[in-house]
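# how would this look folded up:
(chains A and B)
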2 protein chains.
Amino acid sequence: VIPAAGLGMRLAASSDRDPEPKALRLLEGRSLLARSAAVLAPLVEHVVVAAPGDRLDQVRRQLWDLAAPFVVVPGGRTRQASVGRALDAIDPSVELVLVHDAARPLVPRVLVERVIAALDDGSSAVVPGLAVADSLREETEVGSRPLDRSRVRAVQTPQGFRLEVLREAHRRADTFEATDDASLVELLGTVVTLVPGDPLAFKITRPLDLLLAETLLAGR
Amino acid sequence: VIPAAGLGMRLAASSDRDPEPKALRLLEGRSLLARSAAVLAPLVEHVVVAAPGDRLDQVRRQLWDLAAPFVVVPGGRTRQASVGRALDAIDPSVELVLVHDAARPLVPRVLVERVIAALDDGSSAVVPGLAVADSLREETEVGSRPLDRSRVRAVQTPQGFRLEVLREAHRRADTFEATDDASLVELLGTVVTLVPGDPLAFKITRPLDLLLAETLLAGR
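Numbering: from 1, shown residues only, chains lettered A, B, ... in the order given. Here you go, the predicted structure:
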């Protein structure tokens, strides 16, 4: 599942009030979405993309050479709603699902395989986590407090789930909005397994991130 | 104050068991330390660098054209110890001090000015903080729990302090080891002021970060 319906306002030029949806932004001639999907496709049975409602055909064309069958469904108003709609499009006989951000196009295949391996080992929910380089503070009502960085992990994708668990989590979430799917399944009491993340799975959020991705691709 | 005595093992090639100290690594022909010091120098009265004990002369040569008087002192075993030694080298009549990581060579001048402005407004401790792009989890004794990303800030440098406050914090810290100076002064009950950080003040920790910095400099 790739939610790809968001606008990505932090990436757009501040003067651009109607930016291209982030997942459709080009990186060395190919969209972030197409690159992300191409990494996952050889490792899964099929791909479901939640795309901006007015771009479904454009997205289908971008994925024409994908190494797995795919469907493109209209996304929702939020990332979570888009994942929910994509889950509805999956055959209920499927057991395992990966949810991956379109904005992590350089995710290494080995990271995807690590998440799948943890699912195969019996985990119901798997997330890659990476140590954080900066010190961290949490804002509180009276100011801020330091967080113990050694215990904090930046959460990446793909995240892996038993399909029934993730579906149930999305059904129950209703109006509760989480920033990732692991946080949702945790509300059901499901234990989330952390596996090591990878620096190359960084998320393209700001213009600097896009520049880094371009540089890395140019060097390949 | 620039602590610049660390090795930066995460930046070194894994095969390199005796890497160049991180602050002395070159970025487009100039060390991270020299670049960082050059941004701060026009805005301060003098610069104190804590350098690897066996590199003092090398470091002095790198700073020959700095736009402020400077001294180079031997660093300690940890970042905190290095800052402590640098503080000991400051004339007690000085009122305000900035502590800046050598590994943030692209810090924009405007960020340094923002920290100084908050000190001028009366804050005793100022840190720049930037929103985090990834979801975050905190490891716990039984697994992990999600952190509310909207309340978390990645802490950058320069951090600004009243000198007497930071000195007192370092004296009292003794064996307690913090990842930044703001966490230390907080133990004294000092309120830490957060000001907006800047993506360009990113810390060079991994090889990817060095590549990004090279790309940004090449594009200037």
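
# buried residues, the helix or strand bottoming out on mean pLDDT in chain A. List them.
Here the helix or strand of chain A ranked lowest by mean pLDDT, DSSP states H and E is strand A:144-147, holding a mean of 85. Neighbour counts over strand A:144-147 (16 or more other C-beta atoms under 10 Å in any protein chain shown) mark A:Ser144, A:Pro146, A:Leu147 as buried. From N, CA and C alone the C-beta is placed, and that goes for glycine too.

# tell me how far the first one lies from B:Asp198.
Meaning A:Ser144. Distance of A:Ser144 to B:Asp198, computed by C-beta to C-beta, to the nearest Å: 18 Å.

# quick check: next helix or strand after the longest strand belonging to chain A?
Of all the elements of type strand in chain A, the one with the most residues (DSSP state E) is strand A:125-131. With elements assigned by DSSP states H and E, the helix or strand that comes after strand A:125-131 is strand A:135-139.

# direction included, what does the strand or helix carrying A:Val71 pair against?
Secondary-structure element containing A:Val71, defined by DSSP H and E: strand A:70-74. According to DSSP bridges, the neighbouring strands of strand A:70-74, each with its direction, are strand A:47-51 (parallel).

# sorry, back to before: with only the CA atoms kept, save the longest strand of chain A in CSV.
Taking C-alpha atoms only, strand A:125-131 is exported to CSV below (Å, rounded to 0.1, in the frame of the first residue of the first chain):
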residue,chain,number,x,y,z
ALA,A,125,3.4,-5.1,13.3
VAL,A,126,6.9,-4.2,12.2
VAL,A,127,8.5,-0.7,11.8
PRO,A,128,12.0,0.3,10.9
GLY,A,129,13.6,2.7,13.3
LEU,A,130,16.8,4.8,13.0
ALA,A,131,18.8,6.5,15.7
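
# picking up where we left off before, would CSV of the buried residues of strand A:144-147 with distance to chain B be doable?
Below are those laid out as CSV (distance: C-beta to the nearest C-beta, whole Å):
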residue, distance to chain B
A:Ser144, 6
A:Pro146, 4
A:Leu147, 7
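
# can you report phi and psi for A:His46?
Phi and psi for A:His46, reported as degrees, to the nearest 10, are phi -150, psi 170.

# picking up where we left off before, so which bits of the longest strand of chain A are buried?
Applying a neighbour-count criterion of 16+ other C-beta under 10 Å, one finds A:Ala125, A:Val126, A:Val127, A:Pro128, A:Gly129, A:Leu130, A:Ala131 buried in strand A:125-131.

# chain B next: which of those residues are close?
The residues of the buried residues of strand A:125-131 that also fall near chain B, by C-beta under 8 Å from any C-beta of the partner chain, are A:Val127, A:Gly129, A:Leu130.

# low-scoring stretches of chain A, by residue?
Applying pLDDT under 70 to chain A picks out residues A:13-15, A:17.

# that one: helices as residue ranges?
Listed in chain order, the helices of chain A (DSSP state H) span residues A:32-40, A:56-62, A:79-88, A:109-120, A:163-173, A:181-186, A:207-218.

# now do the last one: everything it contacts.
By C-beta atoms under 8 Å, 6 or more residues apart in numbering or on different chains, the surrounding residues in contact with helix A:207-218 are A:11, A:25, A:27-28, A:105-106, A:200, A:202-204, B:133, B:199-200, B:202, B:208, B:211-212, B:215-216, B:219.

# tell me the contacts of the residue lying farthest from the centre of chain A?
Seen from the C-alpha centroid of chain A, the residue lying at the greatest distance (C-alpha atoms, centre = their mean) is A:Val142, 33.5 Å away. Residues touching A:Val142, when contacts are defined by C-beta under 8 Å, 6+ apart, are absent altogether.

# check contacts around the spatially most central residue of chain A.
The centroid of chain A falls nearest to A:Asp101 when counting by C-alpha atoms, centre = their mean (2.1 Å). Contact criterion C-beta under 8 Å, 6+ apart gives A:Ile2, A:Pro3, A:Ser36, A:Thr157, A:Lys203 as the residues in contact with A:Asp101.

# now with 6 Å?
With contact taken as C-beta atoms under 6 Å, 6 or more residues apart in numbering or on different chains, A:Asp101 is in contact with A:Thr157.

# check A:Arg60 too.
Shown in contact with A:Arg60 (C-beta under 6 Å, 6+ apart): A:Val72.

# the same query, at a cut-off of 10 Å, please.
The contact partners of A:Arg60, taken as C-beta atoms under 10 Å, 6 or more residues apart in numbering or on different chains, are A:Val49, A:Ala51, A:Leu66, A:Phe70, A:Val71, A:Val72.

# next one: A:Val195
Contacts here follow C-beta under 10 Å, 6+ apart; on that basis A:Val195 touches A:Leu111, A:Arg114, A:Val115, A:Ala117, A:Ala118, A:Ser123, A:Val126, A:Val127, A:Pro128, A:Gly129, A:Gln156, A:Gly160.
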